[in-house]
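S.K.: missing the sequence, but the structure's below:
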């Protein structure tokens, strides 16, 4: 499965969804994005990013009665591994020794 790259804003919203660990609603996500990640985004802004995440197949919008929730389609650990792989290839050109040296210096 190909995982599309996210923008920084999309990552913040997705992180808020992953942190919630259930099927959150928009208000939960807005609260987390603003409270935990220091944003001052309106619900419409977060909703726009959520729609993009649905289009990129990270989330699925579900209707539960009158409430819309989001189901996670790509787990955080899967995304993290893909990001590490991209950095490894881009920054280190596949050289594990140099990457390990840099990791030890962190």
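M.R.: On my side now, so go ahead. From a predicted model like this one, the values you see are computed outputs, not experimental measurements. Numbers count the residues shown, from 1 in each chain.
S.K.: secondary structure element for residue 60?
M.R.: Assigning secondary structure by DSSP states H and E places residue 60 in strand 59-64.
S.K.: now that strand, how far from the centre of its chain.
M.R.: 16 Å (C-alpha atoms, centre = their mean, to the nearest Å).
S.K.: so where's the chain uncertain?
M.R.: 1, 21 (pLDDT under 70).
S.K.: circling back to that earlier point, which neighbouring elements make contact with the next helix or strand after the strand holding residue 60?
M.R.: Next helix or strand after strand 59-64 toward the C-terminus (DSSP H and E): strand 67-72. When contacts are defined as 3 or more C-beta pairs under 8 Å, 6 or more residues apart in numbering; DSSP states H and E, strand 67-72 sits against helix 8-20, strand 59-64. Using the backbone N, CA and C atoms, a C-beta is placed for each residue, glycine as well.
S.K.: can you put those in JSON lines and add distance to residue 85 and mean neighbour count?
M.R.: Output for the helices and strands packed on strand 67-72, formatted as JSON lines (distance: least, C-beta to C-beta, whole Å; neighbours: other C-beta atoms under 10 Å):
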{"stretch": "helix 8-20", "distance to residue 85": "16", "mean neighbour count": "18"}
{"stretch": "strand 59-64", "distance to residue 85": "22", "mean neighbour count": "13"}
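S.K.: Same list as before, those that is, but in a markdown table and with distance to residue 47 included.
M.R.: Shown next, in a markdown table, are the helices and strands packed on strand 67-72 (distance: least, C-beta to C-beta, whole Å):
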| stretch | distance to residue 47 |
| --- | --- |
| helix 8-20 | 10 |
| strand 59-64 | 10 |
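S.K.: Which of those sits closest to residue 86?
M.R.: Nearest to residue 86 among the helices and strands packed on strand 67-72 is helix 8-20 (13.1 Å), distances taken as C-beta to C-beta.
S.K.: Contacts for the closest one, please.
M.R.: For helix 8-20, the surrounding residues in contact (C-beta atoms under 8 Å, 6 or more residues apart in numbering) are 6, 24, 28-29, 32-33, 36-37, 39, 46, 49-50, 52-53, 56, 58-59, 70, 72, 75-76, 79.
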